[in-house]
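J.: Predicted model and sequence follow; I will ask about them next.
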Amino acid sequence: MSGPFHSLSISGSGLNTFQTWLDAIADNVANVNTATSTEEEAFRERLVVVRPRVEDGRPSGVHPDRVELGDPEGLVVYNPDHPLADENGQIRMPGFDLAQQMANMLVAQRAYQANASAFRSAREAYQRALEIGS
């Protein structure tokens, strides 16, 4: 989208993208302790792939292109008391780190807030311009 509302489109694309990332992180955090038997795949981390959006040869924001899944192997850990433990007392856990997910969540939240602030500022500027013209 080019024209007078281009900045709203760019900020809106950021809002959409960072919301998608936050949703993926929430899914990861909710499943960080999901155990499976060693014969099954571990819960796979959700990884959002973002692509630039280009219109008429000009950058016009970003968009979540797809969600890829992390390592199905996860981590095999010794927990003989777990109901899914195999004959060796092992279970399979997700292979991603909760601390990293929390750090990613902070980055995504701050980026979402920055895009929301930019969107509000552009909207207010456009509203003032309309008030001047009337």
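T.: Thanks, I have the structure now.

J.: Show me the shaky parts of this structure.
T.: Within the chain, the segments meeting pLDDT under 70 span 1-4, 133-134.

J.: Can you list the residue ranges for strands in it?
T.: For the chain, the strands defined by DSSP state E cover 46-55, 58-69, 75-78, 90-93.

J.: what's the closest of those to Ile132?
T.: Proximity to Ile132, assessed across the strands of the chain by C-beta to C-beta, is greatest for strand 58-69 (26.6 Å). (Each C-beta comes from the backbone N, C-alpha and C, glycine too.)

J.: And the closest one, what's buried?
T.: Buried residues in strand 58-69, counted by 16 or more other C-beta atoms under 10 Å: 60-62, 64.

J.: hmm, back to that, would you list the strands of the chain in a markdown table and tack on distance to Ala35?
T.: Output for those, formatted as a markdown table (distance: least, C-beta to C-beta, whole Å):
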| stretch | distance to Ala35 |
| --- | --- |
| strand 46-55 | 18 |
| strand 58-69 | 18 |
| strand 75-78 | 8 |
| strand 90-93 | 5 |
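
J.: Of all those, which one is nearest Met102?
T.: With distances scored as C-beta to C-beta, the stretch of the strands of the chain nearest to Met102 is strand 46-55 (14.9 Å).

J.: and the closest residue to Ile25 other than its chain neighbours, what is it in contact with?
T.: What sits nearest to Ile25 in space, not counting adjacent residues and going by C-beta to C-beta, 6 or more residues apart in numbering, is Met105, at 4.8 Å. Contacts here follow C-beta atoms under 8 Å, 6 or more residues apart in numbering; on that basis Met105 touches 22, 25-26, 29.

J.: change it to 10 Å
T.: Contact partners of Met105, counting by C-beta atoms under 10 Å, 6 or more residues apart in numbering, are 21-22, 25-26, 28-29.

J.: Between which two of those is the distance greatest?
T.: That would be Trp21 and Val29, which, of the contacts of Met105, are the farthest apart (C-beta to C-beta) at 12.5 Å.

J.: between the two, what contacts are shared?
T.: 104-105.

J.: Could you check which of these two has the larger neighbour count?
T.: Neighbours around Trp21 and Val29, counted as other C-beta atoms under 10 Å, are more numerous at Trp21. The numbers are 23 against 15.
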